Structures are given as structure tokens and as C-alpha cells.
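Participant: Below are the sequence and a predicted model for it; my questions follow.
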Amino acid sequence: QVQLVESGGGLVQAGGSLSLSCAASGHSLSGIPMGWFRQTPGKGRECVATISGSGTSSYYADSMKGRFTISRDNAKDMVYLRVNSLKPEDTAVYYCAVRRTFSSHACSEADFGSWGQGTQVTVSS
């Protein structure tokens, strides 16, 4: 069973950037599609981006295109999320997850599992 640990969150001013990391243990991530989601209080997890097992293809939710970049290093069992031009509405807990199933949705929370504990990103205006 893979365990995921997110890191890199923090308090940042609007317009700034952050690089989030997701480290895996217990199982290699090589070849496994992964995703980043975010969640604000009282809401379900919102898809940010997904990446293929090889890292050669990625998907971004419409509202995330342009400022978010997902990447991975299979040799290190790491997945990353770079966020630029941060806005106060990006404030959320960010999670990485393993894609376990493939429904008709490009990025549905129900298709992902092995959630980490998340890393808090807070953007001040």
C-alpha cells in the first residue's frame, strides 16, 4: 500500500509562487497515474491536475490552466505541483493521490485514492 506525504505549502502573498511536493513510500509510483486536488472548508476535493504514469501527458482542470504545472520524477517517486501567480482563492489544502480507476471523467475524486494528509496553502491579499 502506497503512502503519500505532501509538503511545500505555506503562507504566501498574492502573486507569489509555490512548489508542492508529494513523496511516496511503500510502493513505487513509477508508471502510476497521479493527481493533485485541493479542498477548502465545507467543500469536496477539486481536481487541479493529473499526470500520466510516464509523465509524458497531463491534464488540467479548466480553471487551473495557465498557472499550475504538474510534473513527476519516477526515479525519486515524487510528484510535484508548481503554482504561479497565486491568488487568495487558491487558498486550500492541497492533496496528491494515486489514480486507481478510470471513469468517464477526466479527473474525478472518486477515481483516486491513497490520499496524503495534505499541505495547507494560504494566499494573502
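Facilitator: Thanks, I have the structure now. Residues are numbered from 1 along each chain as shown.
Participant: show me what contacts the residue most central in space within the chain?
Facilitator: Among the residues of the chain, the one closest to the centroid is Trp36, at 1.9 Å (CA atoms, centre = their mean). With contact set as CB atoms under 8 Å, 6 or more residues apart in numbering, Trp36 has these partners: 20, 22, 48-50, 68, 70, 79, 81, 94-97. All C-beta spots, glycine's among them, are computed from the backbone N, C-alpha and C.
Participant: Check Arg45 too.
Facilitator: Here Arg45 is in contact with 37-39, 95, 109 (CB under 8 Å, 6+ apart).
Participant: would you turn those residues into a markdown table with secondary structure?
Facilitator: Formatted as a markdown table, those follow (DSSP: H, G, I helix; E, B strand; the rest coil):
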| residue | secondary structure |
| --- | --- |
| Phe37 | strand |
| Arg38 | strand |
| Gln39 | strand |
| Tyr95 | strand |
| Glu109 | helix |
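Participant: got JSON lines for the residues you listed, with pLDDT, neighbour count and distance to Thr101 too?
Facilitator: Below are those laid out as JSON lines (pLDDT from 0 to 100; neighbours: other CB atoms under 10 Å; distance: CB to CB, whole Å):
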{"residue": "Phe37", "pLDDT": "98", "neighbour count": "24", "distance to Thr101": "15"}
{"residue": "Arg38", "pLDDT": "98", "neighbour count": "24", "distance to Thr101": "21"}
{"residue": "Gln39", "pLDDT": "97", "neighbour count": "16", "distance to Thr101": "20"}
{"residue": "Tyr95", "pLDDT": "98", "neighbour count": "23", "distance to Thr101": "17"}
{"residue": "Glu109", "pLDDT": "93", "neighbour count": "17", "distance to Thr101": "11"}
